[in-house]
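Have a look at this fold, sequence not included:
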DNA sequence: GGAGGAATGTTTTTT
DNA sequence: ACATTCCTCC
């Protein structure tokens, strides 16, 4: 035990050895959060305060869950597979499998991923002749997921106008369809579990009594439904350890509610709040900058990182005339870092949006610098894999319409759009699944579809006793998927992926502890034997959490395919530069980090201004970006950038002005764009006018650094008609103002103009009569 | 059923 | 600019 607690700093030690009461750990970036979480678990077990089955640890990503299991295994000789360590969705999946009857689900219910959910909504809109211009499928999906995250069923959704009534109606049809198909979407996994626990007292009390300790990672990212689930699992007796960092909350856009941290402290009567502020990652200049930047946010619980690592290097800031030159500069800097002996894989290039990667990739490619882009298509999201999975889903549940639709005519077997529509009509009339409706269909479509149904039935019969890898292999053969791709030009990769599916099935069986010869379709006998019937007749499962005790190998594999879409990350080990969005960089760290595109409108993103709290979230995003760096941090921006086929003229990000001057070094001339680059600049303040007038002259203002640089005219670009950012203009109606952004060119050129009296307007330069002042 | 052209929509993302 | 999806025509 002494080993476990060795080398913890006082705050970490305090967190690890907290009494069995609820607590909030504010864990700053690089403060050893995962270490505290895993050591806490190990300490609780080793000191005999809890058995491995008496605690639950929840994360957001599979990666984090696996990391926790791996570190725990290294600390204690225990089987972590049977422990309740997993993602919100993974653990809910397990609960619903164990209590499928109480949750009114078929035992082999399947999980709809986002793609499937969207196609299902599209299908419903079509079948009910709802105008998808008025109700775009994406919005409908958003509406449904949102309602579910509020815990609202279709019948309970607030409707206040015809549009919301229609949306609620679609939601209702969607619910019915899912139930009939035996499928649940991601939000449903959570909602179903919450409803199950809320309505089933014995079950709820059972789990509340069982899990004396609940640990939640990245608590700032929880949404309302996830928070409700934690409350239901905890009851009043369990000790909940919430670990999070409000300054790293960057997922409000997908429903995360930082407010859950405050609610947690209040509702769980938290007596222990521990701040982990000692940073083990970054050098001083980097950390000071991060601290200074984030102090501009008002909504904070308050935290300041410190380091013993020394000040280190200054942060380098580069201004480039264009995005291409920014990338060129990147190449030079990276070559220099490589010369200094920094491994490429220890260098990250971060950007706010994926669209920015193209020009960077181009420059890196031309310079023959190897790189990896994170965030592409993942293994189980590839079309050929989705097709194979659909066939596998039909083995377990042929009434899954989503799966049926995906492959009933793939590979093509002559079932046209007409036939498909007829089948859907017949199915709707009889209230049947597509599969069950086939015998009611006549004509040519009836016989071709009949053949397809026979194929599925034959496959189901033939594979009954096969193991999972055998079953996958056989289904690939019978479906002729592999054949189809072999005949297709450029199909080699797809064939390879399909073959890899067989090996990933074999690997899965081994990792999850299924018997090598277990029939894929057969549920484990242990489900029945571990169900204990309590006095009041409610079945309570008290098995471990291992998949092999809850599901058939096939069911488990299909869950795995939906819940862990596979790696979207570059291969580790290979020495290549790491390209990714700031969002995907969260949780990672690198020796050297480049943050690119620090421009108003891009970072902070222009869309963020529309959302309440949007600017603060952008600033947290910048905070996350800065704190990824261990030793070297570079920040760059470009005056012009190609975006959506148009040249955009942007000004430097306000975040740059929020970094303390003593921590940064400007590599390029600092351009005088002061009139609008300061976030606090007030347009109606008189002294702003005088600053503006300094622009046309070449001198530096007091606002500037001591050093004076080249005249800004050389740097700020002028477009073909002589318009440029910073130009003062007069409009007959709006009065005087200043151009802060230019979009497009030629006959399609607009200017964003900040008028002193009337504020921001966007004017078409070919229409508006503007006078240069 | 597939090729080729038009229309469309582009912040961030996990499960 | 560019990818994806939709639509039309053979």
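Yes, it's here. Note that this is a predicted model, so its numbers are computed, not measured.

remind me which residues of the stretch 201-350 of chain A are low pLDDT?
Residues of the stretch 201-350 of chain A meeting the criterion pLDDT under 70: none.

does the closest residue to DNA strand C within the stretch 301-450 of chain A sit in a helix, a strand or a coil?
Of all residues in the stretch 301-450 of chain A, residue A:358 sits closest to DNA strand C, at 6.1 Å by CB to the nearest atom of the strand. C-beta coordinates here come from the backbone N, C-alpha and C atoms, glycine included. Assigned with DSSP: H, G, I helix; E, B strand; the rest coil, residue A:358 falls in the helix class.

How about the contacts made by it?
Applying CB atoms under 8 Å, 6 or more residues apart in numbering to residue A:358 gives no contacts.

Next: residue A:50.
A:44, A:212, A:213.

Name the member of these that has the highest neighbour count.
Each of the contacts of residue A:50 was scored for neighbours by other CB atoms under 10 Å, and residue A:44 scores highest at 24 neighbours.

follow-up on the earlier one: tell me which of the contacts of residue A:50 fall in strands.
When DSSP state E defines the strands, the subset of these inside them is residue A:213.

Would you mind listing what in the stretch 151-300 of chain A touches DNA strand C?
Residues of the stretch 151-300 of chain A lying near DNA strand C by CB under 7 Å from any atom of the strand: none.

Under the pLDDT cut-off, which ranges of the stretch 51-200 of chain A? List them.
Within the stretch 51-200 of chain A, no stretch has pLDDT under 70.

what residues does it put near DNA strand B?
A:60-63, A:87-90, A:113-114, A:136, A:138, A:186.

let's go with 10 Å and repeat that
Within the stretch 51-200 of chain A, the positions lying close to DNA strand B (CB under 10 Å from any atom of the strand) are A:59-66, A:86-93, A:111, A:113-115, A:117, A:132-133, A:136, A:138-139, A:142, A:145, A:185-187, A:189-190.

Now which of the residues you listed would you call buried?
Buried members of these, counted by 16 or more other CB atoms under 10 Å: A:59-60, A:62, A:64-65, A:86-93, A:111, A:113, A:117, A:145, A:185-187, A:189-190.

show me the residues around the residue of the stretch 601-750 of chain A found nearest DNA strand B that make contact.
Closest residue of the stretch 601-750 of chain A to DNA strand B, CB to the nearest atom of the strand: residue A:607 (3.4 Å). By CB under 8 Å, 6+ apart, the residues touching residue A:607 are residue A:614.

what does residue A:299 give?
Listed by CB under 8 Å, 6+ apart, the contact set of residue A:299 reads A:246, A:258, A:613, A:616.

Now for the last one: which residues touch it?
Under the criterion of CB under 8 Å, 6+ apart, the neighbours of residue A:616 are A:297, A:298, A:299.

mind redoing it with 7 Å?
For residue A:616, the contacting residues are A:297, A:299, by CB atoms under 7 Å, 6 or more residues apart in numbering.

hang on, the earlier thing: between the contacts of residue A:299, which is closest to residue A:11?
Nearest to residue A:11 out of those is residue A:246 (CB to CB; 16.9 Å).

Now for the closest one, how many residues are close by?
Residue A:246, neighbours per other CB under 10 Å, totals 20.

closest point of the stretch 1-150 of chain A to DNA strand C, which residue?
Residue of the stretch 1-150 of chain A nearest DNA strand C, by CB to the nearest atom of the strand: residue A:122 (6.8 Å).

Sorry, wrong one. I was asking about chain A.
Distances between chain A and DNA strand C by CB to the nearest atom of the strand are smallest at residue A:645, namely 2.4 Å.

quick one on the thing from earlier: out of the buried ones among the residues of the stretch 51-200 of chain A next to DNA strand B, which sit inside helices?
Among those, DSSP state H puts A:62, A:64-65, A:88-93, A:117, A:145, A:186-187, A:189-190 in helices.

Now do the helices in the stretch 601-750 of chain A.
Taking DSSP state H, counting those that start in this stretch as the criterion, the stretch 601-750 of chain A carries its helices at A:614-626, A:654-657, A:674-677, A:686-693.

Average pLDDT for the last one, rounded please.
Put plainly, it is helix A:686-693. Averaging pLDDT along helix A:686-693 gives 28.

How about stretch A:579-597?
97.

What residues of that stretch count as buried?
Buried residues in stretch A:579-597, counted by 16+ other CB under 10 Å: A:579-587, A:589-590, A:592-597.
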